[in-house]
Every structure is written in C-alpha cells, then in structure tokens.
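*Asks:* Got a predicted model here, sequence first, then my questions.
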Amino acid sequence: MASLQISSLLSNSFLSTPSRVKSSIHIPKLPTPISTSPNPKPSRKLFEELNGFKHTTIPIFQDNNPSTSKATIQLYAILEAVADRVEMHHNVGEQRDNWNTLLLNSINMITLTAASMAGIAATIATSGAPLLALKLSSTLLFSASTGLLMFMNKIQPSQLAEEQRNATRLFKQLQSHIETTIAIGNPTEKDVKDAMERVLALDKAYPLRVLALDKAYPLPLLGAMLEKFPEKYSPAVWWPNSPNTKKHHGTKQHGKKKTNGWSEGLEMELWDVLEVVKGKDMKDYEKLGNLVLKINKGLAIAGPLLTGIAGLGSMFVRQGSWEGIVVVLAGALGTAVNAFEHGGQVGMVAEMYRNCGGFFQEVEKSIRETVEEDDEERRENGELFELKLALKLGRSLSQLRDLARKSAYSRAEGTATDEFASKLF
C-alpha cells in the first residue's frame, strides 16, 4: 500500500511539472531588427565588439562623381610613393654622411702614418732593409691616401648628404600638400598631374624639364650624380615647368573691383616684395655660392697634390736629407687641408647655398605666375597667398607689408633696400 501511494504521488507531481516549468521560464524578447531587408547585415560596430576589437572611427570617402573618386585614389597612390621616397632619401642621406666621416678619418690616419714612417726613415743611420721597408711603406700609404682623397673630392660625401636632407624635406613638404588636398576634399585631375610632375619629369617633349625632385636630388651616383664643381653657381630647381599651361589673358580693367581676395594694393605689395627678393637675397646667395664653390675647388686640388708630392718624395728619403722634411711637411699640410675641406663640410655649405638660391627662385616664380594671371577667379585666394608668402619668408603679415613699403620708398628715392626679404636664411 505504501508503495502504491508513493507511485501515485510521483505520477501526480510529474503530471503537474510542465505547467510549473512553463510558468517559471521567461524567454527574453528578441530585439527588433533595424533593417527591414530580408537579409539584414550585422553592423561593423557589433562585429568589432563580438570579436574583441576596439571601436575606432574610420573616415570613408564617399562621392558619387567618378572622376573625383578616381583622382582621390590616384592621389593616395602618389602619396604612398612620396612616403617611400622620404624614407629612401633619409636612409641614403645617413649612409652618405657616414661615408664622409669614415673616409675623412681613414685618409687622415693613413696620411699621418705615412708621414711618420718617412720621418723615421730620415733619422735612421742604416741603409739596408729597414730603410727600404720604411720608404716603400710610406710611398704605398701616401699613394693610397692620394687615391682615396681624389675619389672623396670627386663625390663630395658631405654635399651628397646635404642633397638627401634637402630632398627629404621637400618630399615631406609634398606629402603634406597631398594630404591637405585630400583632406579638403574634391581633388581634381589637375591636382594629380601637379603632384606627379613634382615627383617625376614625365614630359619627354621638353628635355629641359629635368626639374622634378627625382632629377634635382638623384639617389644613384653612377650616371646621375650632380656636377660638384660647375663652372658657375646655379640655384637648385626642383619644380616642374609648365610650358603647356596657357594663362587666361582677358582684358584688364583698371579700377575695377577685384575679387577672390585680390586688390590693386595687394598686387603692388607682392611686386615690391619681389624686388627685394631679387635685389638682395638672390644676389647675396649668388655671390656667396660662387665664393664657396671657388674655395671648394681649390681645396679639392690642393689635398691630393700635397699627398702626391709626399708620396714621390718618400721614395728618395735618406738620413739627414731635405727630402724627409718636404715629405713630412707635405703630409701634414695634406692632412690639414683634408680636415678643413671635409671636416668643415665645405661641399655641404655649397649645396646649402644652392638650395637657398632655388628657394628664392621658387618664390619669384610663384609670385609671377599668380599675379600675371589676369582672371582673379583662377588665382589662389589673395589673402591666403599673402599669408603663405609671409610664412615662407619668416615674417608676419605686418612685417611683410612694412617690407613692401620700404621697397617702394627705396625705389622712388633711387636707393637700395638695406633689408633682406627672408628672416629664415
């Protein structure tokens, strides 16, 4: 009987369980889908949260204009190439700076060692094998230092390093310009063409257009190295010509109200500033560039000449002879000349003047091309152009206008301006 009662109780409890279970379980309501499409896609944010990614806002360029989208993609491709150029020129610049240090130290040590051997040979009394060994060693070392010095003077490692430093800076400048163009939005095919021409000289119809950065500051040495000892100083040119670009020459109406931030006073101000740039800055750097070029040529000839004389004289050294004095003096002077030329980096100074002269020529070109454009709407905004020019010259807007007034006053009085346009160089 007891077993029957227990079984009846168990059966009654099992029969009543589904109702209690059903009442105790609460199924959460599913969220209402946002998308009403038959196959909704999960959002990017939900995907990143489920996979443990940190949520970041990624700007996405959206434009329905196919030409604009194509121009943007092309600018991004050019930007990648420019960023690679920056790294390449930086690495090559460091390598060539190391060349200058290592070659300078090696040549000076070889020359001093050879001069010491020649001096010892002139003091020993024996005339056998020891004297012959000293004389041969001294001659070989002087010959080696002469050869290395001629090679070093030919390539001018300090000048090569300065070229790469300038190229790195200018490529970074181009990189920032492209990034700004993309950030402002709506780039055009003209922006793409200008960026390409600043990197490469593409127009084969104009062989004189070797003015892009790759030509102005070449990476290789063989067949592409710039002439280190030209006949005359010439500024660096790294911007492309625009021989196919035709200006819009309309009929100028004097007294007509200017647009796009331009006015008659602003145009006159820019011409006055340009007069100072041409009359003071460009002439000063041309004079200094020619002077440093002559000094560098003289040192490049004197160094190998002195070590060569020492090498020839060391073959005739004997005890108490005057040849020993000549050899030691020539070796010491050759070491001093080499240390001054390459330790003082005279080639780097010449390249610095060349680059600064190119900077002022670029300023002149930008002012002329902008102001000579008759249609103000086709120009860059006048106030923005004035601000950029002031920043290039290291001046404030008020200082730039004061400079223009001084230039106009000096021209009216027939005197020269006693102030340089740039405060940076």
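*Replies:* Cool, got the structure. The shown structure was predicted, so the numbers you read here are calculated from the model rather than taken from an experiment.
*Asks:* if I look at the residue nearest to Thr417 when sequence neighbours are not counted, how far off is Leu424?
*Replies:* Closest residue to Thr417 apart from its sequence neighbours, by C-beta to C-beta, 6 or more residues apart in numbering: Ser410 at 4.6 Å. Placement of C-beta: from N, CA and C, glycine included. The gap separating Ser410 from Leu424 is 22 Å, by C-beta to C-beta, to the nearest Å.
*Asks:* So those two - more neighbours on which side?
*Replies:* More crowded of Ser410 and Leu424, by other C-beta atoms under 10 Å: Ser410, with 18 against 12.
*Asks:* Where does the more buried one sit, in terms of helix or strand?
*Replies:* Ser410 belongs to helix 397-413 when elements are defined using DSSP states H and E.
*Asks:* Check which helices and strands that helix is in contact with.
*Replies:* Here helix 397-413 touches helix 264-276, helix 382-392, going by 3 or more C-beta pairs under 8 Å, 6 or more residues apart in numbering; DSSP states H and E.
*Asks:* residues making contact with stretch 340-359?
*Replies:* With contacts defined as C-beta atoms under 8 Å, 6 or more residues apart in numbering, stretch 340-359 is touched by 100, 103-104, 152-153, 156-159, 161-163, 166, 216, 228, 233-238, 282, 285-286, 288-289, 292-293, 295-296, 299-300, 303, 425.
*Asks:* could I get the helix holding Ser410 in CSV with only the CA atoms?
*Replies:* The C-alpha coordinates for helix 397-413 follow below in CSV (Å, rounded to 0.1, in the frame of the first residue of the first chain):
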residue,chain,number,x,y,z
LEU,A,397,51.7,90.0,-42.3
SER,A,398,52.5,93.4,-40.8
GLN,A,399,56.3,92.8,-41.4
LEU,A,400,55.7,91.8,-45.0
ARG,A,401,53.7,94.9,-45.6
ASP,A,402,56.3,97.1,-44.0
LEU,A,403,58.9,95.5,-46.2
ALA,A,404,56.8,96.3,-49.3
ARG,A,405,56.5,99.9,-48.2
LYS,A,406,60.3,100.2,-47.7
SER,A,407,60.9,98.7,-51.1
ALA,A,408,58.5,101.2,-52.8
TYR,A,409,60.1,104.1,-50.9
SER,A,410,63.6,103.0,-51.8
ARG,A,411,62.7,102.6,-55.5
ALA,A,412,61.1,106.1,-55.5
GLU,A,413,64.2,107.6,-53.9
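*Asks:* Could you measure from Trp71 over to Lys193?
*Replies:* No Trp there; residue 71 is Ala. 10 Å.
*Asks:* More neighbours: the two, which one.
*Replies:* Set Ala71 next to Lys193 and count neighbours by other C-beta under 10 Å: Ala71 wins out with 22 against 14.
*Asks:* Pretty sure Glu189 is one of the things the more buried one touches, is it not?
*Replies:* Yes - here Ala71 lies in contact with Glu189, judged by C-beta atoms under 8 Å, at a distance of 5.6 Å.
*Asks:* in the helix or strand hosting Gly334, what counts as buried?
*Replies:* Using DSSP H and E, Gly334 sits in helix 322-338. By 16 or more other C-beta atoms under 10 Å, the buried positions in helix 322-338 come out as 323-324, 326-328, 330-338.
*Asks:* Now do the helices in this protein.
*Replies:* Assigned by DSSP state H, the chain shows helices spanning 2-24, 44-50, 66-121, 129-155, 157-184, 189-199, 213-216, 264-276, 283-313, 322-338, 346-371, 382-392, 397-413.
*Asks:* could you give the angle of the fifth one to helix 66-121?
*Replies:* Between the direction of helix 157-184 and that of helix 66-121, the angle (axes from the mean of the first three to the mean of the last three C-alpha atoms, to 10 degrees) works out to 160 degrees.
*Asks:* Now do helix 157-184: which elements does it pack against?
*Replies:* Using 3+ C-beta pairs under 8 Å, 6+ apart, helix 157-184 is in contact with helix 66-121, helix 189-199, helix 213-216, helix 346-371.
*Asks:* what residues are up against the residue lying closest to Phe420 once chain neighbours are set aside?
*Replies:* Distances taken as C-beta to C-beta, 6+ apart place Lys280 nearest to Phe420, at 5.0 Å, with adjacent residues excluded. Contacts for Lys280 (C-beta under 8 Å, 6+ apart) come out as 416-417, 419-421.
*Asks:* Also Pro230?
*Replies:* Taking C-beta under 8 Å, 6+ apart, one finds Leu293 in contact with Pro230.
*Asks:* Met88 now?
*Replies:* By C-beta under 8 Å, 6+ apart, the contact set of Met88 is Leu219.
*Asks:* ok, Phe340 to Asn108 distance?
*Replies:* The gap separating Phe340 from Asn108 is 11 Å, by C-beta to C-beta.
*Asks:* Actually, Ala122.
*Replies:* Using C-beta to C-beta, Ala122 is found at 21 Å from Asn108.
*Asks:* for Ala336, same thing?
*Replies:* 9 Å.
*Asks:* same check, this time on Asp272
*Replies:* Note on Asp272: its distance to Asn108, by C-beta to C-beta, is 51 Å.
*Asks:* which ones are touching Pro304?
*Replies:* Here Pro304 is in contact with 146, 149-150, 153, 334 (criterion: C-beta under 8 Å, 6+ apart).
*Asks:* Also Lys154?
*Replies:* Lys228.
*Asks:* can you check Ser366 too?
*Replies:* Taking C-beta under 8 Å, 6+ apart, one finds Leu389 in contact with Ser366.
*Asks:* just Leu400 next, same as before
*Replies:* 269, 273, 386, 389-390, 393.
*Asks:* again, 7 Å this time
*Replies:* Contact analysis of Leu400 by C-beta atoms under 7 Å, 6 or more residues apart in numbering lists 273, 389-390, 393.
*Asks:* now for the residues you listed, which pair is the farthest apart?
*Replies:* Based on C-beta to C-beta, the longest span within the contacts of Leu400 runs between Val273 and Ala390 and measures 9.2 Å.
*Asks:* Have a look at those two and say which one is more surrounded.
*Replies:* Ranked by neighbour count (other C-beta under 10 Å), Val273 and Ala390 place Val273 first, with 23 against 18.
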